[in-house]
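Enquirer: the following comprises the amino acid sequence and a computationally predicted model.
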Amino acid sequence: MSPHGCRDLIRAVRACKTAAEERDVIAKESAALREAFREQDPRYRHRNIAKLMYIHMLGYPTHFGQMETLKLIAANGFPEKRIGYLGLMLLLDERQEVLMLVTNSLKMDLNNHKNQYIVGLALAALGNICSAEMARDLAPDIERLLENPNPYIRKKAALCTIRVLKKNPELIEEFQEKAADLLHDKNQGVALSGVTLMLQICQQDSAVVNRYRAHVSTLCKTLRSLLQGGFSPEHDVGGITNPFLQVKILQLLRVLGRGNAEASDIMTDILAQVAANIEGSRNAGNAILYEAVGTIMGIETIGGLRVMAVNILGRFLANRDNNIRYVALNTLAKVVAVDTQAVQRHRATIVECVKDADVSIRRRALELVYSLVNENNIKNLTRELLDYLAVCDSEFKPDLTAKIALLIQRYAPDKRWHIDSLLQVMVQAGAHVKEEVVRSLIVLITNVDDLHGYAVRRMYSALHQHLQTAEASLLSAAAWCIGEFGEMLPQGRGGALLEGEPPVSASEADIVSILEAVLKRPKLSVAVREVVLTAAMKLTARLPSQVTRLRNIVERHKGSVLLEVQSRSCEYSRLLAQHTDITPQLVEHMPALDEAEYSRNLAGTGAAAAAAGASPTTAAGGAAAAGDLLALG
C-alpha cells in the first residue's frame, strides 16, 4: 500500500536502510501515480504532483507526469495553480516542446485581474523557464504589467523581464525606459527590481549606458535617502536600511561612472558618505562597503576617495572572518594596479596574512605581496618572507620559495644583497629552489669580479654549517664556487673582508675535506656529484699542496655505474696523468658571461631539442649539459 500524501512518501523513503529499498518504494509509488493519472481524478492531482516533484528531486524519472502539471495550471483555484507552476519549473525546462502547450494558460493568468498571486505565479514561472518563443509572445503582457498599480505585480514583472531580455536581446529598446521609470517607485522592492533590470540591460547593450547616465542623480538621491532615512522595520537588516537596494545601486553607479568624469563627479559625495557612515560590524554593512570600494575604484574618482576605499579594505583584513579577509585580498589585488601607494600603507597587515592558517588566504596574500614589491621595499619584504619561510607548512614552501627567488632576482638593490638573499633561500628551502635560479646566481657571481672572494666565503660557510641538511641547490652552487674561487678561501688570499662580513678560517686541507664530505653524503644526486668532480679537477691547479687528495677524489669514480660521472672521472684522470702542462689553461676561471645571451642560448637549446623530437628526458639532459658549461670552464 503506497503512502497517501507527500509527507508519508518522505517518511517511507527516509526509513529505507539501503538503496535497493529506496528504489523499491519509488517504483511502487511511481506505479501508483501512473494509475492515478490514468483515472483522471482531479481531487488528488495536486497531491500526486507534489509527490512526483519529490521523486524528481531524488533523481528518478518523472516524465510520465509532465502533462498533469499542465492540467493543474489550467485549473481555476490558486492551490492547484501553485503546485502546477512549481511542478512546471521543476519537471520541465525550456528545451522541451511540451512547454509550448502552457503558453495560453500563462497568458490568461497574466491577465488575471482578481488574484494578484496567480499573476505572480505566472511571472515567476516565466522568469525561470520561458523559452525565446514564449518570451517573444508574452513580452507585450509583461510590458503592460510593469505599469500595473499593484507594486507586487510590478516587482515580479521587472524580474521576469530580465529573463525575457536574455532570451530576446532585440526587445531591450522597448523596455529600457520602463526600467528607468521604476527608479521613481515609492516601493523599495519595485525600485530594487528596477535597478536590477537596468543592470541587466547595461550588461547586454553598452550603448544604453550613455542614456542611463541621466539617472545618476536619481540613484544618488535614492541612496542618500536610504542612508539618512529613519528606522524602517520592514526593510531593516542588522540596523541598515535595505542593504540589498544599496548594493544594487552601487553596482549600477559603477557601470554608469566608468570612463565618464561628469557622472563620477556627481556620485563622489554620496560614495564618500557611504564609506564614512556604514558600520562594518555586520555582514550587511560589509557587503555595502565592499560594493562601495568596487565603485570608487571603478569610476573616475579623486585620490582621497581611493585612499578611503583602500582603508576600508585594510579594516577588512583585520576582520576575524576569513571570508571577509579573502574578499579584501582579492579586491586589493585589483586595486594595486590603480593606486599602489594607498595599498602600500597596509603592507604589514598583508604580510601577516601570508602567515595565516587558511591556505587560500596565504596564497592570495602572497600574490598581493608580489604585486607590492619594488626597489624601495624589497629588503624589508624579503626579510619578512624569509622569516616566514623558515616556519611555514611544507605544502606552501614551493610557491613561497619560487616567489621569493623571483622577487630577489627582479628587484635586488645590489649584487651582494642578491647573493646573500638567494643563499639564505637555498639554506632554508633548498629542495624547492629551481635549477634556473641556481644557474642565474652562478652567472651573477661570475660577472662580479670584486665579489668573487666574498661569494666563495659565504658559500663555504653556508655549506660548512649545513652540510648534513643542505639540498642539491646549495650543494651544487657551493661546490661550483669552491671549485672556481677556492684559492681565495685561505686567510689573506681573497682580499679584504667587506663591511659586516664575518671572517672565515679555511685552510687548503679544509677545502678538500669539505668536497670529500659532500661526496660521502647518502643519496647524493648525480648532478651534484658531477659538479664536485669538476671542482676537484679545477682545484688541482689552484691548491698545489692538495693535488694528491684531489687526484684521489677524481680517480675514485672511474668505476662508477653512472655513465657521466665515470666519463668525467676518466677524462680528468687522463688530463692529470698525461697533460699536466696544459691543465692550468684548461681549468682557468670562467670569463664574464652576457646574461641575456646566455638566456637566449639556453632557450635555443630547449627549442632545438623540441624541434628534433627529443624526449623530455633528453631535453632535460641538454639543459643540464648547457649548465655544465659553467662548471667545465
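Expert: Ah, there it is.
Enquirer: residue 301: what secondary structure?
Expert: Classification of residue 301 using DSSP: H, G, I helix; E, B strand; the rest coil returns coil.
Enquirer: residues contacting it?
Expert: Residue 301 makes contact with 264, 268, 271, according to C-beta atoms under 8 Å, 6 or more residues apart in numbering. To be clear about C-beta, it is placed using only N, CA and C from the backbone, and glycine gets the same treatment.
Enquirer: which ones among these lie within helices?
Expert: 264, 268, 271 (DSSP state H).
Enquirer: for the last one, which non-adjacent residue is spatially closest?
Expert: Yep, that's residue 271 we're talking about. Distance criterion C-beta to C-beta, 6 or more residues apart in numbering; nearest residue to residue 271, sequence neighbours excluded, is residue 296 at 5.6 Å.
Enquirer: which SSE is that neighbour in?
Expert: Residue 296 is part of helix 283-298, with elements assigned from DSSP states H and E.
Enquirer: what's that helix packed up against?
Expert: Counting contacts by 3 or more C-beta pairs under 8 Å, 6 or more residues apart in numbering; DSSP states H and E, helix 283-298 is packed against strand 240-241, helix 243-257, helix 261-277, helix 303-317, helix 322-335.
Enquirer: if we can go back for a sec, could I get the contacts of residue 301 in a markdown table, plus columns for neighbour count and distance to residue 538?
Expert: Listed next are those as a markdown table, based on neighbours: other C-beta atoms under 10 Å; distance: C-beta to C-beta, whole Å:
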| residue | neighbour count | distance to residue 538 |
| --- | --- | --- |
| 264 | 24 | 66 |
| 268 | 18 | 68 |
| 271 | 25 | 67 |
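Enquirer: just put the residues you listed in a markdown table and tack on distance to residue 576 and pLDDT.
Expert: Shown next, in a markdown table, are the contacts of residue 301 (distance: C-beta to C-beta, whole Å; pLDDT from 0 to 100):
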| residue | distance to residue 576 | pLDDT |
| --- | --- | --- |
| 264 | 77 | 91 |
| 268 | 79 | 91 |
| 271 | 78 | 92 |
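Enquirer: closest to residue 433 out of these?
Expert: residue 271 (46.5 Å; C-beta to C-beta).
Enquirer: settle this for me: residue 310 is touching residue 341, isn't it.
Expert: No: taking C-beta atoms under 8 Å as the definition, residue 310 is not a contact partner of residue 341, at 9.3 Å.
Enquirer: so for these two, which sits in the more crowded spot?
Expert: residue 310 (25 against 11; other C-beta atoms under 10 Å).
Enquirer: ok, residue 209 - how many residues close by?
Expert: When neighbours are counted by other C-beta under 10 Å, residue 209 registers 20.
Enquirer: please disregard the earlier target; I meant residue 155.
Expert: Using other C-beta under 10 Å, residue 155 has 24 other residues around it.
Enquirer: low-confidence ranges, this protein, go.
Expert: 1-4, 230-231, 595, 598-633 (pLDDT under 70).
Enquirer: hey, where'd the strands end up in it?
Expert: 236-237, 240-241 (DSSP state E).
Enquirer: export those strands to TSV and tack on mean neighbour count and distance to residue 55?
Expert: As requested, the strands of the chain are arranged in TSV below (neighbours: other C-beta atoms under 10 Å; distance: least, C-beta to C-beta, whole Å):
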stretch	mean neighbour count	distance to residue 55
strand 236-237	14	37
strand 240-241	20	42
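Enquirer: need the longest helix for the chain.
Expert: Assigned via DSSP H, the chain shows its longest helix as helix 19-39.
Enquirer: pull the distance from it to the chain's centre.
Expert: 47 Å (C-alpha atoms, centre = their mean, to the nearest Å).
Enquirer: what's in contact with it?
Expert: Residues contacting helix 19-39 (C-beta under 8 Å, 6+ apart): 2-3, 9, 12-13, 16, 44, 48, 51-52, 55, 58, 60, 64-65, 68.
Enquirer: what are the buried residues along it?
Expert: Neighbour-count burial for helix 19-39, counted by 16 or more other C-beta atoms under 10 Å, picks out 22, 25, 26, 29, 30, 32, 33, 36, 37.
Enquirer: want to throw the strands of the chain into CSV with distance to residue 275?
Expert: Shown next, in CSV, are the strands of the chain (distance: least, C-beta to C-beta, whole Å):
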stretch, distance to residue 275
strand 236-237, 19
strand 240-241, 14
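Enquirer: the stretch 1-150 of the chain: helices as residue ranges?
Expert: Using DSSP state H, counting those that start in this stretch, the helices of the stretch 1-150 of the chain run over 6-14, 19-39, 45-57, 66-74, 78-91, 103-110, 116-129, 132-145.
Enquirer: who are the packing partners of the fifth one?
Expert: Going back to what we said before, that points to helix 78-91. When contacts are defined as 3+ C-beta pairs under 8 Å, 6+ apart, helix 78-91 sits against helix 45-57, helix 66-74, helix 116-129.
Enquirer: also the first one?
Expert: The contact analysis (3+ C-beta pairs under 8 Å, 6+ apart) places helix 6-14 against helix 19-39, helix 45-57.
Enquirer: now do the first one against helix 66-74, angle only.
Expert: When you say that, I think you mean helix 19-39. Helix 19-39 runs at 60 degrees relative to helix 66-74, counting by axes from the mean of the first three to the mean of the last three C-alpha atoms, to 10 degrees.
Enquirer: 280 is where my numbering starts, stick with that
Expert: In the new count, where the first residue is 280, that last one comes out as helix 298-318.
Enquirer: then helix 298-318 to CSV, C-alphas only?
Expert: Extracted C-alpha coordinates of helix 298-318, given in CSV (Å, rounded to 0.1, in the frame of the first residue of the first chain):
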residue,chain,number,x,y,z
ALA,A,298,19.4,2.0,-1.9
ALA,A,299,17.5,-1.1,-3.1
GLU,A,300,14.8,-0.5,-0.6
GLU,A,301,14.5,3.1,-1.7
ARG,A,302,14.2,2.1,-5.4
ASP,A,303,11.5,-0.4,-4.4
VAL,A,304,9.5,2.3,-2.6
ILE,A,305,9.9,4.7,-5.5
ALA,A,306,8.9,2.1,-8.1
LYS,A,307,5.7,1.2,-6.2
GLU,A,308,4.9,4.9,-5.7
SER,A,309,5.5,5.7,-9.4
ALA,A,310,3.2,2.8,-10.4
ALA,A,311,0.5,4.2,-8.1
LEU,A,312,0.9,7.7,-9.6
ARG,A,313,0.6,6.3,-13.1
GLU,A,314,-2.6,4.6,-12.1
ALA,A,315,-3.9,7.7,-10.5
PHE,A,316,-3.1,9.8,-13.6
ARG,A,317,-5.0,7.3,-15.8
GLU,A,318,-8.1,7.6,-13.6
